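> no FASTA, just this:
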């Protein structure tokens, strides 16, 4: 059996530094009155990059792969190639919505420097929107952050919570983040390891259910400090060293347990301009 998928989660920054005390003035300045000068004022930086190396660092050989979009409009580069060929040839990255391009280009640069096989590649970069907690328009994620995530990837336990691409997540009115839902099958089932990485970023408080119980409706007095958005995405990545090929990964992805509309926190309550959350998913099986 192959070693566990190396995953690294790199948080780019924590809260932005508090502004320094203003020098006393005889009268209020425009900036003191909230008038923006030299562009729009920047907000806090709460974002990051997650890197997954399906075969580890020793080889960049491809793996069988498929993807499945449950609904919505979440973006993930490289999916046309996966759909056409059924293989994945690059690392998998997750970052915020407006940093997909720079992270994708960084992956190409990283692979070129390592003389990766193949005449070209289509890097897989998924996104989740962290605009509620992070100043996405500040474009704080740089190529060096993607390089750091790729170079730091190691096998073993995955950092969870407020880390990497999950740094700015919201989930059911609580702080969201990066989590796992991995399983090891019994010897009777083959003893395979199914690794699942999820970035939770969806839902309102009233939609929170645990074991089918609507506990969110009973939780009061703990309102979130940021407004709920109408269209946050959720990303789920499923890696499994199973003996499948061809359409197998896609079939497994489509059969991922997604609760029905009336029992799920993945759907928004009826509102003007409201629509289901976006979700993108990936599945890879090692040969």
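Arrived safely, thanks for sending. Because the structure is predicted, anything quoted here is derived from the model rather than measured.

> against residue 120, how distant is residue 60?
13 Å (Cβ to Cβ, to the nearest Å). The way it works is simple: take the backbone N, C-alpha and C, and place the C-beta from them, glycine included.

> more neighbours, these two?
residue 60 (19 against 8; other Cβ atoms under 10 Å).

> helix, strand or coil: sort out residue 217 for me.
Here residue 217 is recorded as helix under DSSP: H, G, I helix; E, B strand; the rest coil.

> can you check the pLDDT for it?
With respect to pLDDT, residue 217 scores 89.

> and the residue nearest to residue 183 when sequence neighbours are not counted, its phi and psi?
Spatially, and ignoring its direct neighbours in sequence, residue 183 is nearest to residue 194 (4.8 Å; Cβ to Cβ, 6 or more residues apart in numbering). As for residue 194, its main-chain torsions (degrees, to the nearest 10) stand at phi -110, psi 110.

> can you get me a residue count around residue 194?
Residues near residue 194, counting by other Cβ under 10 Å, number 16.

> hang on, it packs against residue 186?
No - using Cβ atoms under 8 Å, residue 194 is not in contact with residue 186; the gap is 12.0 Å.

> pLDDT (mean, whole number) over the top helix by length along the chain?
The longest helix of the chain (DSSP state H) is helix 100-113. Helix 100-113 shows a mean pLDDT of 97.

> got the angle for the next helix or strand after it vs helix 100-113?
Using DSSP states H and E, the helix or strand that follows helix 100-113 towards the C-terminus is strand 124-128. Angle, strand 124-128 to helix 100-113, by axes from the mean of the first three to the mean of the last three Cα atoms, to 10 degrees: 150 degrees.

> adjust the sequence numbering to begin at 173 for everything that follows.
I'll keep to 173 as the first residue from here, and by that count the last item is strand 296-300.

> same for strand 296-300, what does it pack against?
Packing partners of strand 296-300 (3 or more Cβ pairs under 8 Å, 6 or more residues apart in numbering; DSSP states H and E): strand 264-268, helix 272-285, strand 405-412, strand 450-457.

> could you redo the last one with a cut-off of 6 Å?
strand 264-268, helix 272-285, strand 405-412 (3 or more Cβ pairs under 6 Å, 6 or more residues apart in numbering; DSSP states H and E).

> in CSV: those, plus distance to residue 214 and mean neighbour count.
Conversion of those to CSV gives the following (distance: least, Cβ to Cβ, whole Å; neighbours: other Cβ atoms under 10 Å):
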stretch, distance to residue 214, mean neighbour count
strand 264-268, 15, 28
helix 272-285, 18, 18
strand 405-412, 23, 24
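
> nearest to residue 217, out of these?
strand 264-268 (10.6 Å; Cβ to Cβ).

> any idea of the mean pLDDT for that closest one?
96.

> what's the angle from it to helix 272-285?
150 degrees.

> which strands border strand 264-268, and is each parallel or antiparallel?
Applying DSSP bridges, strand 264-268 is found paired with strand 220-224 (antiparallel), strand 296-300 (parallel).

> contacting residues around it?
The set of residues external to strand 264-268 that reach it, using Cβ atoms under 6 Å, 6 or more residues apart in numbering, is 219, 221-224, 275, 296-298, 302, 308, 313, 337, 407.

> let's see 7 Å
For strand 264-268, the surrounding residues in contact (Cβ atoms under 7 Å, 6 or more residues apart in numbering) are 219, 221-224, 226, 275, 279, 296-302, 306, 308, 313, 318, 337, 340, 371, 407, 409, 454.

> ok, stretch 250-257 next?
237, 238, 239, 260, 262, 294, 295, 296.

> so what's the fifth one up against?
Under the criterion of Cβ under 7 Å, 6+ apart, the neighbours of residue 262 are 250, 279, 283, 293, 294, 295, 296.

> quick one: the helices in the stretch 173-322 of the chain?
With DSSP state H, counting those that start in this stretch, the ranges of helices along the stretch 173-322 of the chain come out as 251-257, 272-285, 315-324.
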